[in-house]
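Colleague: my questions are about this predicted structure, shown below with the sequence.
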Amino acid sequence: MTANAIPWTRRTAAAATLCLLLAACSSQPPAPAWQMDSHGASQRALEAYLSGNQRVATLEWQHARQAIARTGQPSRMARLELLQCAAQTASAMPWDCPRFEALRTDAAGPELAYAAYLAGQTLDPMQAALLPPAQQALALATTDAAAAAHVLQLSDPLARLVAAGVLLRRSQASPAVVQAAVDTASQQGWRRPLLAWLGVQRQWAEQGGQPDVTARIRRRMDLVEQGAAP
């Protein structure tokens with residue numbers, strides 16, 4: 001074997017490996033451009049919304065809508081609108097999802113079930129089975145204690161906040177659930193839901209005649225508000 005044979009063999013092996021990798025990549029068709037555009041925009045919109053940057057959130061939600069509109073599929077648009085409504089639920093806001101309501105007629109079963117869940121409605125087992133797995137147990141919980149236990153064991157931060165928001169709409173949110181929502185939003189640095197859930201705690205403290213607790217929560221809210229986007 002000559003001195004030049006070793007580099008040549010290595011180049012040949014590298015080329016063969018690259019061909020194999022390219023072949024493996026090409027075995028699955030690339031995702032359509034609209035899908036990548038809508039996914040990226042919706043994730044940026046979600047993060048901006050939860051972080052309290054409404055200007056960026058509004059722009060990114062619109063970019064996501066424009067990408068999905070290219071498909072002409074109302075059910076896909078309904079799914080996007082429910083993502084925004086879920087973020088509002090996670091932020092302890094009242095149910096208000098007009099963009100989804102405008103698409104309700106063409107929405108599929110899973111979207112209709114999820115909308116009912118977010119609105120705090122009672123679901124039957126068939127409807128609950130259409131929900132994301134993380135939300136099914138809560139939808140079927142028959143007692144406040146069981147519902148609270150489900151929220152506390154959820155590992156996904158957004159799913160936990162959404163579940164807590166659903167219980168708040170059902171008037172089933174216990175102090176432990178609200179504290180879990182506060183802790184989750186704080187750990188993620190999500191300013192909007194953190195202020196909302198701290199606001200729930202402050203209201204309860206005021207109603208319970210706890211001025212020291214109310215003042216402590218107010219100081220914490222003031223600190224969070226210092227990080228507001230300009």
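Modeller: Now that the structure is in, tell me what you want to look at. Everything numeric in this text was worked out from a predicted model, so none of it was measured.
Colleague: tell me which residues of the helix or strand containing residue 222 are tucked away?
Modeller: Assigned by DSSP states H and E, residue 222 falls within helix 211-225. Within helix 211-225, the residues that qualify as buried are 214, 217, 220, 221, 224, counting by 16 or more other C-beta atoms under 10 Å. The way it works is simple: take the backbone N, C-alpha and C, and place the C-beta from them, glycine included.
Colleague: hmm, the last one is touching residue 194, no?
Modeller: Yes. In this structure, residue 224 sits in contact with residue 194. The criterion is C-beta atoms under 8 Å, and the distance is 5.6 Å.
Colleague: low-confidence ranges, the protein, go.
Modeller: Scanning the chain for pLDDT under 70 picks out the ranges 1-28, 228-230.
Colleague: in it, which residue is closest to the centre?
Modeller: Closest residue to the average C-alpha location of the chain: residue 158 at 4.7 Å, with C-alpha atoms, centre = their mean.
Colleague: which residue packs closest to residue 158, ignoring adjacent ones?
Modeller: Among residues not flanking residue 158 along the chain, residue 90 sits closest, at 6.0 Å (C-beta to C-beta, 6 or more residues apart in numbering).
Colleague: who are the contact partners of the one you found?
Modeller: Residues counted as contacts of residue 90 (C-beta atoms under 8 Å, 6 or more residues apart in numbering) are 50, 158, 161, 162, 164, 165, 193.
Colleague: list just the nearest of the buried residues of helix 211-225 to residue 42.
Modeller: Set against residue 42, the nearest of the buried residues of helix 211-225 by C-beta to C-beta is residue 224 (24.9 Å).
Colleague: burial of residue 140, as a residue count?
Modeller: 18 (other C-beta atoms under 10 Å).
Colleague: residues contacting it?
Modeller: When contacts are counted by C-beta under 8 Å, 6+ apart, residue 140 touches 123, 125, 128.
Colleague: just residue 65 next, same as before
Modeller: Going by C-beta under 8 Å, 6+ apart, residue 65 touches 77, 80.
Colleague: helix, strand, or coil at it?
Modeller: helix (DSSP: H, G, I helix; E, B strand; the rest coil).
Colleague: okay, it and residue 79: tell me how far apart.
Modeller: 12 Å (C-beta to C-beta, to the nearest Å).
Colleague: all helices for this protein, in order.
Modeller: 5-26, 33-51, 54-69, 74-90, 98-101, 109-118, 125-128, 133-140, 144-153, 157-169, 175-188, 191-207, 211-225 (DSSP state H).
Colleague: what sits against residue 200?
Modeller: Counted by C-beta under 8 Å, 6+ apart, residue 200 has contacts 92, 168, 173, 178.
Colleague: check contacts around residue 135.
Modeller: Residues near residue 135 by C-beta under 8 Å, 6+ apart: 114, 117, 159, 162, 163, 166.
Colleague: and the gap between residue 127 and residue 109?
Modeller: Counting by C-beta to C-beta, the gap from residue 127 to residue 109 is 8 Å.
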